[in-house]
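J.: below: sequence and its predicted model.
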Protein chains: 2
Amino acid sequence: MTDTPETLFALVAGATETAAIDGISAAGADPALMAHTPSADAEILAYGRPVRAPVVPVSPSGCPTPAVVTRAVHERVDFESVVVDAGLAEPTGAPTVDVRAARGGDVRDPEPVPDAGSIFADARRFGADLPTERLVLAETIPGGTTTAMGVLAALGERRTVSSSLPENPLDLKREVVDAGLDASDLARGDLAGQPTDTIRQMGDPVLAAVAGLAVGALEADTEVVLAGGTQLATAGALVRHAGLTDDLELATTSFVAADDSANVRALAADNDLALTVTDPGFEQRDDHPAMAAYLAGEAKEGVGMGGALALADEAGVGMDSIRNAIETVYDRVTEREAAP
Amino acid sequence: MTDTPETLFALVAGATETAAIDGISAAGADPALMAHTPSADAEILAYGRPVRAPVVPVSPSGCPTPAVVTRAVHERVDFESVVVDAGLAEPTGAPTVDVRAARGGDVRDPEPVPDAGSIFADARRFGADLPTERLVLAETIPGGTTTAMGVLAALGERRTVSSSLPENPLDLKREVVDAGLDASDLARGDLAGQPTDTIRQMGDPVLAAVAGLAVGALEADTEVVLAGGTQLATAGALVRHAGLTDDLELATTSFVAADDSANVRALAADNDLALTVTDPGFEQRDDHPAMAAYLAGEAKEGVGMGGALALADEAGVGMDSIRNAIETVYDRVTEREAAP
C-alpha cells in the first residue's frame, strides 16, 4: 500500500440542447457533429481513441478535446476509470454506467431536466456504493458552462463561468440564462437550498449526476475531488445547497485559473471548495498544435483535465512525461482523421 | 513492449428465460435471485465486489461465481476489461457497452431471440472497431449451456454441453432442446450455415453478441480467444458456420475438460478450435470452501475463468499467487453478505 488513496475517476457524459444555441460552445469543430463529442470523449478515455463515434473532437485550429490530456495521464498514472451515461445524445463504444438520464432540453425551456430528481437519486445511490477511497468526478457536455451559469443564478451564487472559446461569450450566456429564468418564472436566488429543483429548471443532466455522485460518495465517507472548472464548481455549489459541509476539492487547470472572465477562485471560495490548480507547462512545447491551442485559450478544461493533471502531480509523474504522452495520444487520435 | 499481445477481456452478460426452467442452472443460489447473477458478475469483474446487484453469487455449499476467479486474475495480471450488455435482466453498476439486446426468451418458444440479427451486426461492428491486438471473449448467462445445446442441435453439431451443477441434467436439457426444435419446426442440422437464424430460433442474446464480436474482430485481423467451456465452443461453432476459417483458440478450465458429460475436446476438434486447458491447482487448497466446491464439480467455468487462468499462466504469474488472490476476492465478496 502507498499513501495515495485508491482512486476511481468517473467521467459523467451527457448532452443539453442548450449547446445548439449559436455561439455558445466550442466543444466540437462542426456544430452538427458536436452531439458526438461526449461519446467520443468517453471512448478516448476508455480506449485511447474514438471507436464508434464518427468524430475526432479537434477544433479547426487543431485544438483537441481535453480527453486527450486526461487519457495521456491515464496512460502514465495508475487509476481506475468509469464513464457514467448522464444523457448521451449519441451512441458510444465506451462502457457506461446508466443513471436513466435523457438528454437535457434547452435551458430556455421551463423544465429542461424533468428527470433531475431521479438522476440525482440514482447517482447518489451509486456514489455511495462505489468501492473506492477517492472519487474524482469529471464532465463532458457541450454547452455545460451555460447551464452551470443557469444553476448558479437560480441558487443565488455569483454567475461567473468559463468557456471553451478563447473569447468567453458571457453576454450571450447571460441573455440565455435570463431567458431561462423567465421561462421558469424565477428570480435569481429563488431556488437556494433546492438543488434538484434548480437542476430540473435551469441545469443539465450531467450536473444532476455529478452532484448526486458527490453527495452519495461524501455520505459514504469517500473523498471527493471535483475535476474541472466552473461547471464542477457549480456541482460543488449544488452539494453545498444540499446541506453537506464535508471537505471538497476542486482540481482545475492553470488555463481556467488564468481566465479572468470565469473567476473560479471566487466561485470556489464562496462554496468552500479547496482549489488545486495544475499547470501542464505547455509553454515548453508551444510548437505542438495541441499545446499551442491551449496556450491561446482554447478548451481550457473538461473531461477532468485539471484533476487528471493533479493525479499525475501527486503520483510524481513529471509534466514532461505527461506532455510526451499527450503527443502520443494526439497522434493516435488524429491519425484516424487522415484515414480514408 | 513485451511479447504478450495487448489484450482486451470482454465479458458478455445477458439473460435467457430458459434459466427459469426448474433444474437447469446452478448460477445463483436462489432461483428468484438468479437473474441478478450476470449483473453481479459484471460488478465483481469491474470493481472486485457487487455494487448495485443485491446478490452475492455463492451457492448454498459456498461455491462462488467464477467471476471471483477471473477478478482475482485481473488483480494480478495487467489487461483491460469491458462488459457488454447482451440482454441483462437486472441493472448493473458495472459500466457496459450496449448492443441493443433484450433479454432472451425461453428456448422452447418459436423465436427466443427475435433481435439476433441486429445484436450480431452491432457486435460485429464493435468487434472490428475495438483497438486491441487480442480479444478474449467470456460469458455470463444462467441457462446458457441449454441454449448452447439448442444452437448445436440446430447447426447439426454434437450436442454435448457442460453444466454448473455437479450432476449435469443432460436428459432435461435434451428434452427442453427437443421441445425448442419442435416449437421452431426444426430438425437437427436444419440451420447449418445460418448462424443468426440459429440463434434467433434456438439461442440466447449472449451467443449472438459473442459470435458477432468474434467475427468482427477476426475480420479486422484481431486475435480471438474464446474464454469458456461448451458455451464458448458453441460460439466457435457459430463463427465456423458463418464461414470463417481463421485460427481460433478455446481456453477453458481443467474442470470442464474433466467433465466427461461435456466432451469439450471433441466439440473443439469438430470446430477446429485450438484448446487450452488451465488447471488452477485447487487441490492444494482443498480446505478453502470456494476451491473445494470447484473440486467437487460445481460451477466449473464461466465469466472467462479458463481464459483468465490462461492469461495468468502466459504472464508467468504462478497459480499459487492466483489462489491467494482468489482467497482475498472471495473474502471481500462474501463479507458483504455478513453485513446487516
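T.: Sure, I can see it.
J.: strands of chain A, start to end?
T.: Listed from the start of the chain, chain A has strands (DSSP state E) covering A:7-13, A:80-85, A:96-98, A:134-140, A:223-227, A:249-253, A:274-278.
J.: right, is the fourth one up against chain B?
T.: This points to strand A:134-140. No. Under the criterion of C-beta under 8 Å from any C-beta of the partner chain, chain B is not reached by strand A:134-140; the shortest gap measures 12.4 Å. For every residue, glycine as well, the C-beta is placed using N, CA and C.
J.: what angle do that strand and strand A:80-85 make?
T.: Comparing the axes of strand A:134-140 and strand A:80-85 via axes from the mean of the first three to the mean of the last three C-alpha atoms, to 10 degrees yields an angle of 40 degrees.
J.: can you list the strands that strand A:134-140 pairs with?
T.: Sheet neighbours of strand A:134-140, with direction, are listed as strand A:7-13 (parallel), strand A:223-227 (parallel) (DSSP bridges).
J.: same deal with the second one?
T.: Here the strand partners of strand A:80-85, with direction, are listed using DSSP bridges: strand A:7-13 (parallel), strand A:96-98 (parallel).
J.: excluding chain neighbours, give the residue nearest to the closest residue to chain B within the stretch 51-200 of chain A in space.
T.: Nearest residue of the stretch 51-200 of chain A to chain B (C-beta to the nearest C-beta) works out as A:Pro95 at 3.6 Å. For A:Pro95, the nearest residue in space outside its immediate sequence neighbours is B:Pro95; the separation is 3.6 Å by C-beta to C-beta, 6 or more residues apart in numbering or on different chains.
J.: run a quick neighbour tally on the one you found.
T.: Taking other C-beta atoms under 10 Å in any protein chain shown as the criterion, the count of residues near B:Pro95 is 25.
J.: ok, the one 10 residues further on next?
T.: The burial metric for B:Gly105, expressed as a neighbour count using other C-beta under 10 Å, is 17.
J.: burial count for the nearest residue to it once chain neighbours are set aside?
T.: Once its chain neighbours are removed from consideration, B:Gly105 has its nearest residue in B:Pro112; the separation is 3.7 Å (C-beta to C-beta, 6+ apart). Neighbour count for B:Pro112, taken as other C-beta under 10 Å: 27.
J.: check contacts around B:Pro112.
T.: For B:Pro112, the set of contacting residues under the criterion of C-beta atoms under 8 Å, 6 or more residues apart in numbering or on different chains consists of B:16-18, B:104-106, B:147, B:180, B:200-204.
J.: which one of those residues is nearest to chain A?
T.: Compare each of the contacts of B:Pro112 with chain A using C-beta to the nearest C-beta and the shortest gap goes to B:Gly104, at 20.0 Å.
J.: the closest one and B:Ala19 touch, don't they?
T.: No. Applying C-beta atoms under 8 Å, one finds B:Gly104 not in contact with B:Ala19, separated by 9.4 Å.
J.: quick one, which of these two is more surrounded?
T.: Between B:Gly104 and B:Ala19, counting by other C-beta under 10 Å, B:Gly104 is the more crowded of the two (33 against 25).
J.: tell me if the helix ranked longest in chain A is near chain B.
T.: The single longest helix within chain A, with elements called by DSSP state H, is helix A:319-338. No. Among the residues of helix A:319-338, none lie within reach of chain B under C-beta under 8 Å from any C-beta; the closest is 8.8 Å away.
J.: who's in contact with that helix?
T.: The contact list for helix A:319-338, computed with C-beta under 8 Å, 6+ apart, reads A:44, A:48-50, A:56, A:58, A:64, A:68-69, A:71-73, A:75-76, A:279-282, A:284-285, A:288, A:290-291, A:309, A:312-313.
J.: and the residues you listed, which of them are buried?
T.: By neighbour count, with 16 or more other C-beta atoms under 10 Å in any protein chain shown, the contacts of helix A:319-338 hold A:44, A:48-50, A:56, A:58, A:64, A:68-69, A:71-73, A:76, A:280, A:282, A:285, A:288, A:290-291, A:309, A:312-313 as buried.
J.: chain A against chain B: which residues are in contact?
T.: Contacts of chain A with chain B, taken as C-beta under 8 Å from any C-beta, map to A:46-49, A:51-52, A:82-83, A:91, A:93-98, A:125-126, A:129-131.
J.: which of those residues fall in helices?
T.: Secondary-structure check on these using DSSP H: residues within helices are A:46-47, A:125-126, A:129.
J.: which two from these end up farthest apart in space?
T.: A:Tyr47 and A:Arg125 (27.9 Å; C-beta to C-beta).
J.: for these two, work out which one has more neighbours and name it.
T.: When A:Tyr47 and A:Arg125 are compared for neighbours, A:Tyr47 comes out ahead with 21 against 17, by other C-beta under 10 Å.
J.: quick one: low-confidence parts of the stretch 1-150 of chain A?
T.: In the predicted model, the stretch 1-150 of chain A carries pLDDT under 70 at residues A:1-4, A:26-31.
J.: repeat the analysis, applying 90 as the threshold.
T.: Applying pLDDT under 90 to the stretch 1-150 of chain A flags residues A:1-5, A:22-35, A:53-62, A:78, A:131.
J.: dump the residue contacts of A:Pro5.
T.: A:Pro5 makes contact with A:133-134, A:223, according to C-beta under 8 Å, 6+ apart.
J.: can I get the residues you listed in a markdown table including neighbour count?
T.: A markdown table is the format used below for those (neighbours: other C-beta atoms under 10 Å in any protein chain shown):
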| residue | neighbour count |
| --- | --- |
| A:Glu133 | 12 |
| A:Arg134 | 18 |
| A:Glu223 | 17 |
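J.: count of neighbours near the spatially closest residue to A:Arg200 that is not a sequence neighbour?
T.: Distance criterion C-beta to C-beta, 6+ apart; nearest residue to A:Arg200, sequence neighbours excluded, is A:Ala116 at 3.8 Å. Residues lying near A:Ala116 (other C-beta under 10 Å) number 28.
J.: and the strands paired with strand A:80-85, which is most packed in?
T.: Of all those, strand A:7-13 has the most neighbours on average by mean count of other C-beta atoms under 10 Å in any protein chain shown, namely a mean of 27.
J.: how far off centre is that strand?
T.: Taking C-alpha atoms, centre = their mean, to the nearest Å, the mean C-alpha location of strand A:7-13 is offset from the chain mean by 10 Å.
J.: what does stretch A:295-315 give?
T.: Put simply, stretch A:295-315 sits 11 Å off its chain's centre (C-alpha atoms, centre = their mean).
J.: end to end, how far does it reach?
T.: Its first and final residues considered, stretch A:295-315 spans 25 Å by C-alpha to C-alpha, to the nearest Å.
J.: avg pLDDT for it?
T.: Averaged across stretch A:295-315, pLDDT comes to 96.
J.: buried set for it?
T.: Within stretch A:295-315, the residues that count as buried by 16+ other C-beta under 10 Å are A:297-314.
J.: show me the beta-bridge partners of the spatially most central residue of chain A.
T.: Nearest residue to the geometric centre of chain A (C-alpha atoms, centre = their mean): A:Glu139, 2.6 Å. Here A:Glu139 sits in beta bridges with A:Val12, going by DSSP bridges.
J.: contacts only, for it.
T.: Residues in contact with A:Glu139, defined by C-beta under 8 Å, 6+ apart, are A:11-13, A:206, A:210, A:228, A:231-232, A:235, A:302-304.
J.: between those residues, which sits nearest chain B?
T.: Minimum distance to chain B across the contacts of A:Glu139 is 10.1 Å, recorded for A:Leu11 (C-beta to the nearest C-beta).
J.: for the closest one, what are its contacts?
T.: Remark: with contacts taken as C-beta under 8 Å, 6+ apart, A:Leu11 is in contact with A:41-42, A:45, A:70, A:81-84, A:138-140, A:303-304.
J.: need the max-distance pair from those residues.
T.: Farthest apart among the contacts of A:Leu11 - using C-beta to C-beta - are A:Thr70 and A:Val84, which lie 14.8 Å from each other.
J.: enumerate every residue touching A:Val303.
T.: In this structure, A:Val303 makes contact with A:11, A:41, A:44-45, A:65-67, A:69-70, A:138-140, judged by C-beta under 8 Å, 6+ apart.
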